[in-house]
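*Asks:* Provide a 3D model corresponding to the input given below.
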Amino acid sequence: MERRRWRVFLDTSALIVGIVSATGAAREVLRLCEASVVELMVSRQVLIEADRNLSEKLPAFVSDFRDWMSLLSPVLIEDSSKKEVAHAVQIIHANDAPILAAAMNAEADYLITWNTRHFQKPSVMKAVRFKIVTPGEFLQDFRQSLHDS
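*Replies:* Numbers count the residues shown, from 1 in each chain. Below you'll find the model as predicted:
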């Protein structure tokens, strides 16, 4: 029986690091997405933020970012409603609420982020049905699942 692919929602930090770093865990996550081993999900906000941040701070990577997004064809999650974001604000810092709400709407298996300060608080992790991990932690889970199969 074929196993369902894990659905991974990347926030802006993980997506940018995956594009900018030719090595490292975030790039490996993108490679798993490229190989269709896991399913990449992002919100419209993540794409806009990543494009804007790269344009402002690392313009040499804008073309790579756009090429990767075209190649990967991520599942695009629409930005959350004001009501959904307001619910998420009760769980997490207001600046991160739209991302958390989008990941919740996506029914992701994982939210992958470098923002451990806000997202990995026990109260946040208890409030969601998915794991919130760094790219390296995701790869550990992925490798463990291969070992367990």
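
*Asks:* who's in contact with stretch 130-149?
*Replies:* 3, 6, 8-9, 14, 17-18, 24-26, 28-29, 32, 38, 103, 108-114, 116, 119-120, 124-125 (Cβ atoms under 8 Å, 6 or more residues apart in numbering). Where C-beta positions appear, they are placed from N, C-alpha and C, glycine not excepted.

*Asks:* Out of those residues, which end up buried?
*Replies:* Buried members of these, scored by 16 or more other Cβ atoms under 10 Å, are 6, 8-9, 14, 17-18, 25-26, 28-29, 32, 38, 103, 108-114, 119, 124.

*Asks:* Just the ones in helices from the residues you listed, please.
*Replies:* Those of the buried ones among the contacts of stretch 130-149 mapping onto helices are 14, 17-18, 25-26, 28-29, 32, 103, 119, 124, per DSSP state H.

*Asks:* which regions of the protein lie under the pLDDT threshold?
*Replies:* Low-confidence regions of the chain, defined here as pLDDT under 70, cover residues 1-3.

*Asks:* Run through the strands of it in chain order.
*Replies:* For the chain, strands defined by DSSP state E occupy the ranges 6-10, 38-43, 75-77, 110-112, 131-133.

*Asks:* Could you dump the ones you listed into TSV with distance to residue 69 added?
*Replies:* Shown next, in TSV, are these (distance: least, Cβ to Cβ, whole Å):
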stretch	distance to residue 69
strand 6-10	11
strand 38-43	8
strand 75-77	10
strand 110-112	16
strand 131-133	22
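
*Asks:* Would you mind saying which of the ones you listed lies nearest residue 91?
*Replies:* Residue 91 lies closest, by Cβ to Cβ, to one member of the strands of the chain: strand 131-133, at 11.2 Å.
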